[in-house]
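A.B. asks: test case, fold it:
(one chain, ligands or ions: 2)
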Amino acid sequence: MPLRKVIAAASMAAALVGVSALPAQAATGYNRCPQFRMCVFTGPNGSGTMASFAVGDGDLGDSNGPTGMNNNIESFYNNSGHHWDFWDLPGYSGDFRHSEPYVGGKNFGSAWDNRVSSLHDY
Ligand SMILES: [Ca+2]
Ligand SMILES: [Ca+2]
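C.D. replies: Residues are numbered from 1 along each chain as shown. Ligands and ions are numbered 1, 2, ... in the order given. Prediction:
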């Protein structure tokens, strides 16, 4: 093998080693969301505090289930494979917004930031 090709192969191998030697990163953002769950976040783009749900919560403002999320959600990650609805009011009432299954991470956007008070799958 000509020397030039040997050097190229050696540097490629070094690059591959470099990638695989990176330390495992702690999950951040949307990547924190477990499989088969709907995850909601207090900040945009999966930032802030996360809460995850298997089937939903009829009142984010009570002490049953996650706390601190009522009217405090700015993004979500639908990792559940189910359809979900987000409601402005407790008890699945008021205005609602729908999520298709497996849509990945989404920001609610200014019209829906800090409004969700109940949510459920179906
Ligand atoms: Ca609750
Ligand atoms: Ca609300």
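
A.B. asks: and the closest residue to residue 78 other than its chain neighbours, what does it touch?
C.D. replies: Leaving aside its sequence neighbours, residue 78 sits nearest to residue 99 (C-beta to C-beta, 6 or more residues apart in numbering; 4.7 Å). All C-beta spots, glycine's among them, are computed from the backbone N, C-alpha and C. By C-beta atoms under 8 Å, 6 or more residues apart in numbering, the contact list for residue 99 reads 38, 76, 78, 83, 84, 85, 86, 106.

A.B. asks: what about the residue nearest to residue 118 when sequence neighbours are not counted, which SS state?
C.D. replies: Among residues not flanking residue 118 along the chain, residue 87 sits closest, at 4.5 Å (C-beta to C-beta, 6+ apart). Secondary structure for residue 87, judged by DSSP: H, G, I helix; E, B strand; the rest coil, is strand.

A.B. asks: one step back: any idea how far the residue nearest to residue 78 is from ligand 1?
C.D. replies: Distance of residue 99 to ligand 1, given as C-beta to the ion, to the nearest Å: 19 Å.
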